[in-house]
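# Predicted coordinates and the sequence they were generated for:
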Amino acid sequence: MGRHRFVFATLVISWIAIGNLIPRSLQAAEILLTLDSFVDSGQSVQQQQLGFVFGRALAHEGKLQRIDVVFLIDISGSTKYWAGFDVDQDGARPMFGLAKDKDDNILAAEIAAVRSMIQSFDPRTTRVGLVSFSGGASKSADSATVDAPLTADYARVERALENILSAGPWGATNMRAGLRLAGIEVVAGRSAESTKREFAQRHIVMLTDGTPMVPGEDPADSTRKAVGYAKKLGERDVRIHVYAIGRDANDDDTAPRKIAAVSKGSFTAVRDIAQLDRLLAEVQISNIETLRVRNASTGKASIRQAHGPDGTYYALIPIRDGENTVEVYTRASDGSEKTLTKTAVFGRDPLPPHAERERQRLIHIRSQDELEHGRKLEIDVE
């Protein structure tokens, strides 16, 4: 950037939840915020002072203040096929529809998307678990595995993802087995490896490229049983967000779409698997529909903003020397609104790893924007 000074500051915004005694069916979503600290990172961009702010926006009912997410990954034999793009960017091309190496198949794309999504989570409030499913040679075969119980140790989940990729695709598509085991973990049933946590929103994020298929069982029965189990999970306030991969993913009468509907989750058709990473990042398990950050002291809104699936958000905002009044506005999916303002002077405390990663990413995007703007100006002058 040459002579340009870079000044960034960090405002840490965190959430607390306060319970009440109103029955959940009668209360609107509650949005509660705290502003904990303002941190100056001592950098600048294009001679403009900018503040980096991050926080977490979660709309909840009652005492809900945490999120538990179990990723349910389809590792059936069909995920061995080429993903349609160079997942690991090593230049390898497919042969007869099959990926030359395991790092470019559909399973690798699923793993890469989950890994990227986890990096945006805040381990202080969000636990992550991992279950994979396929299908053995018979209906009684063990078709699902807990690869990682719910944990805030994301490094453990990363290792489990790598182990799944190394083992590779195999078997049929026993969705019922996968949903059953993921359900046991997310609700911490008697046989669960995960420990129970009170006041947590519970979600299952399922990635699949097929429909229920159990050896020796009629496909219609396999579908009916999988959808039935999803409905039971929905009745226990477990939301299932399904990402269906493939050309026929958007068909109306599919098991993945029904599974999402009966659990009051979300359904996303992924016809171009190269977009899976982006689409997965757009799922919202925080129930926040709108979030805006602005500096009331300068009157300027954020110039770059990112909102993670678990409600963690990050933004670059213009700031001035001395005190700044930061305003955060949120709107929940049920229409509930909350605005928080606080005035403080930015300090110089270090950032948590997940926030530092996002700060650097937003800085990079901002720099790319400036370069692109400069190129357009040159073209216009010519």
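Arrived safely.
# doesn't Ala244 make contact with Ile273?
No: at 10.9 Å, Ile273 and Ala244 do not qualify as touching, with contact defined as C-beta atoms under 8 Å. C-betas here are computed from N, CA, C, even on glycine.
# Compare those two (neighbour count), which wins?
Ala244 (26 against 23; other C-beta atoms under 10 Å).
# Need the three-state assignment for the more buried one.
Here Ala244 is recorded as strand under DSSP: H, G, I helix; E, B strand; the rest coil.
# need the contact list for it.
Thr208, Asp209, Asn250, Thr254, Pro256, Arg257, Phe267, Thr268, Ala269, Val270 (C-beta atoms under 8 Å, 6 or more residues apart in numbering).
# The fourth one: how many residues sit nearby?
Thr254: 21 surrounding residues under other C-beta under 10 Å.
# And the pLDDT at His241?
pLDDT, His241: 94.
# Tell me which helix or strand it sits in.
strand 238-245 (DSSP states H and E).
# Run me through the strand neighbours of that strand, direction for each.
Here strand 238-245 has these sheet partners by DSSP bridges: strand 200-208 (parallel), strand 267-270 (parallel).
# and these as a markdown table, adding mean pLDDT, distance to Val187 and mean neighbour count?
Output for the strands paired with strand 238-245, formatted as a markdown table (pLDDT from 0 to 100; distance: least, C-beta to C-beta, whole Å; neighbours: other C-beta atoms under 10 Å):
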| stretch | mean pLDDT | distance to Val187 | mean neighbour count |
| --- | --- | --- | --- |
| strand 200-208 | 92 | 6 | 25 |
| strand 267-270 | 89 | 22 | 20 |
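# Let me have these in CSV, adding distance to Ile288 as columns.
Output for the strands paired with strand 238-245, formatted as CSV (distance: least, C-beta to C-beta, whole Å):
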stretch, distance to Ile288
strand 200-208, 12
strand 267-270, 18
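# Of all those strands, which one is nearest Leu351?
Each of the strands paired with strand 238-245 has some distance to Leu351 by C-beta to C-beta; the shortest is strand 200-208, at 25.2 Å.
# Need the residues that contact whichever helix or strand comes after that closest one.
Using DSSP H and E, the next helix or strand after strand 200-208 towards the C-terminus is helix 219-235. Helix 219-235 is contacted by residues 174-176, 179-180, 183, 186-187, 204, 211-214, 240, 255, 258-260, 262-265 when judged by C-beta under 8 Å, 6+ apart.
# Compute the mean per-residue pLDDT across helix 219-235, please.
The average pLDDT within helix 219-235 is 93.
# Look at Arg359 and report its pLDDT.
So Arg359 comes in at 83 (pLDDT).
# mind checking the SS state of the residue lying closest to it once chain neighbours are set aside?
Excluding the flanking residues, the one nearest Arg359 by C-beta to C-beta, 6 or more residues apart in numbering is Phe52, at 4.9 Å. Here Phe52 is recorded as strand under three-state DSSP.
# Phe52 reaches Tyr313, doesn't it?
No: at 11.5 Å, Phe52 and Tyr313 do not qualify as touching, with contact defined as C-beta under 8 Å.
# Those two - which one has more neighbours?
Ranked by neighbour count (other C-beta under 10 Å), Phe52 and Tyr313 place Phe52 first, with 29 against 24.
# any idea how far that one is from Trp170?
To Trp170, Phe52 is 44 Å away according to C-beta to C-beta, to the nearest Å.
# for this structure, what helix or strand is lowest in average pLDDT?
None of the helices or strands of the chain scores lower by mean pLDDT, DSSP states H and E than strand 7-14, at a mean of 37.
# which residue ranges form the helices in the stretch 251-382 of the chain?
In the stretch 251-382 of the chain, the helices defined using DSSP state H, counting those that start in this stretch lie at 255-262, 276-281, 353-381.
# what angle sits between the first one and strand 200-208?
Interaxial angle of helix 255-262 relative to strand 200-208 (axes from the mean of the first three to the mean of the last three C-alpha atoms, to 10 degrees): 160 degrees.
# Ser302: how many residues sit nearby?
Taking other C-beta under 10 Å as the criterion, the count of residues near Ser302 is 24.
# which residue packs closest to it, ignoring adjacent ones?
Setting aside the residues directly before and after it, Ser302 is nearest to Ala315 in space (C-beta to C-beta, 6+ apart), at 3.8 Å.
# quick one, what contacts Ser132?
Ser132 makes contact with Leu72, Ile73, Asp74, Ile75, Ala144, Thr145, Asp147, Ile164, Gly178, according to C-beta under 8 Å, 6+ apart.
# Apply 10 Å and report the result again.
Ser132 makes contacts with 71-76, 107, 110, 143-148, 160-161, 163-164, 167, 178, 181-182, as judged by C-beta atoms under 10 Å, 6 or more residues apart in numbering.
# Among these, which lie within strands?
Mapping the contacts of Ser132 onto strands (DSSP state E) picks out Phe71, Leu72, Ile73, Asp74, Ala144, Thr145, Val146, Asp147, Ala148.
# List just the nearest of those to Arg124.
Closest to Arg124 out of these is Ala148 (18.3 Å), distances taken as C-beta to C-beta.
# Show me what that closest one is bridged to.
Going by DSSP bridges, Ala148 forms beta bridges with Leu130.
# Just to check, it is in contact with Val114?
No: with contact defined as C-beta atoms under 10 Å, Ala148 does not reach Val114; the gap is 11.0 Å.
# Need the residues touching each of the two.
By C-beta under 10 Å, 6+ apart, Ala148 and Val114 have these common neighbours: Phe71, Val128, Leu130, Val157, Glu158, Leu161, Ile164.
# Tell me which of the residues you listed fall in helices.
Judged by DSSP state H, these include Val157, Glu158, Leu161, Ile164 as members of helices.
# Contacts only, for the last one.
Ile164 makes contacts with Ile73, Ile75, Leu107, Ala108, Glu110, Ile111, Val114, Leu130, Ser132, Thr145, Asp147, Ala148, as judged by C-beta under 10 Å, 6+ apart.
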